[in-house]
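*Asks:* Task: produce atomic coordinates for the following.
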Amino acid sequence: MRFSRFGVVAVIAITVLLGANCSYYNKVMARKNLVDGAKAYKDRKFPEAEARFRYAASLDPKGETVEGRTAQLSLARTLHSEFIGNRKDTAKAQEALDEYKKSLPPSLKELKDATAAYEKNPNSEDAQKMYLQSLSAVNSSASAVASLYENLAQPDKAKEWQNEIAGNADYPPTARARALSSLAAKANTCANEISDTDATKKTVQKDGKDVFQFVKPANQADFDQMKQCVADGLKLIGQALELEPDMVKNAGSIDVAKSSDSQIALYSEILKVFESARSYKASLTVQAMRAAEMDGNKAEEDRLKAEAETAKSQFSSLSTVVKNLQSEADARAQAKEEAEKAEAAKNANANKK
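*Replies:* This next block holds a predicted model:
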């Protein structure tokens, strides 16, 4: 599981800017500790960040305010980072798990409200920011729980958690599709480890060119396992792709240049999930094609080859949009940085006069 220190800082920055209703004292103290905690986190002073976020979370243990929910999630991410820095400290991992799980119910409620506000006014910068913040919090937390289970060598619990998320309609399509794609990825690896070996992948001449020819593994049980992994993976990734929202289906019509910074970030958050799902669809279809070739079923092999080409094309088209979004975001960030440097130089020269 990867997440950036910037993610914690960004969430807190949005929280401080947009605010929420709670007692004046608790609000002031929570925000102060969130800001101080974010600085400590950015500076990799994790124990200090943990203490700050823990105190802020204690002011709203039920996560009924934006400050409380932000503190819960920030505490979970800090504990996660501390575990990543010391994999032997499994107590930190377990506590991070608990904090992520505790943060999810109030985060889901916040996401429901933020989604409604965004759908009502999708051009509102505030609505875009709150929707992005809420969606990202749920997506990352749900994925982080599975990742921590894997890190703790508890793959069965990771799988159980991912199946739970995938089947829970309270979660957004992005979180559910991420869970399904992760499960499908394991099935794809299972199939590839059997099909992509020296014993099963032969180089032969065809029309004067070197091409790969796939043959059955010597052990029939291995071939049966490969086919089962492919079948399981295609079923899972099919379920993920059924969750594609209209934003993904119509991604080609996005006017990147005219989109706001927050809208670009939101598009990326959603589109990247289904870019990954489409990638696994293509890969698993290729595995199915290999199995058909191994079985000597030429008609099925040809059908799957055409299906794989379609899947690759659909992945490529969405991937292009994602890359364009990232390029635009990078260009804007660079322009902003250059403008700030120019302004700083201008002020420095003015002060010399």
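*Asks:* now the helices for this protein?
*Replies:* Remark: helices assigned in the chain by DSSP state H are 5-18, 24-42, 46-58, 66-85, 90-120, 125-151, 155-166, 173-195, 220-241, 246-249, 261-294, 298-352.
*Asks:* now for the fifth one, which elements pack on it?
*Replies:* Packed against helix 90-120 by the contact rule (3 or more CB pairs under 8 Å, 6 or more residues apart in numbering; DSSP states H and E) you find helix 66-85, helix 125-151. Backbone N, C-alpha and C define where each C-beta goes, glycine included.
*Asks:* Could you give the average pLDDT over that helix?
*Replies:* Averaging pLDDT along helix 90-120 yields 96.
*Asks:* what does the fourth one give?
*Replies:* This predicted structure assigns helix 66-85 an average pLDDT of 94.
*Asks:* for the stretch 251-353 of the chain, what are the low-confidence residue spans?
*Replies:* Residues of the stretch 251-353 of the chain meeting the criterion pLDDT under 70: 353.
*Asks:* one more time with 90
*Replies:* 343-353 (pLDDT under 90).
*Asks:* quick one on the thing from earlier: point out the most buried one among the helices of the chain.
*Replies:* Highest mean neighbour count among the helices of the chain (mean count of other CB atoms under 10 Å): helix 66-85, with a mean of 25.
*Asks:* closest to K201 out of the helices of the chain?
*Replies:* Closest to K201 of those is helix 173-195 (CB to CB; 7.0 Å).
*Asks:* what helices or strands is that closest one leaning on?
*Replies:* Applying 3+ CB pairs under 8 Å, 6+ apart, we find helix 173-195 packed against helix 125-151, helix 155-166, helix 220-241, helix 261-294.
*Asks:* nearest residue to S268 other than its sequence neighbours?
*Replies:* L325 (5.0 Å; CB to CB, 6 or more residues apart in numbering).
*Asks:* show me what contacts that neighbour?
*Replies:* 254, 256, 264, 267-268, 271 (CB atoms under 8 Å, 6 or more residues apart in numbering).
*Asks:* from those, which is closest to E193?
*Replies:* L271 (29.6 Å).
*Asks:* So for D207, which of the helices of the chain sits nearest?
*Replies:* Nearest of those (CB to CB): helix 298-352, 15.7 Å.
*Asks:* I'd like to check the angle between that closest one and helix 220-241, please.
*Replies:* 50 degrees (axes from the mean of the first three to the mean of the last three CA atoms, to 10 degrees).
*Asks:* 14 is where my numbering starts, stick with that
*Replies:* Understood, numbering begins at 14; the last thing we discussed is helix 311-365.
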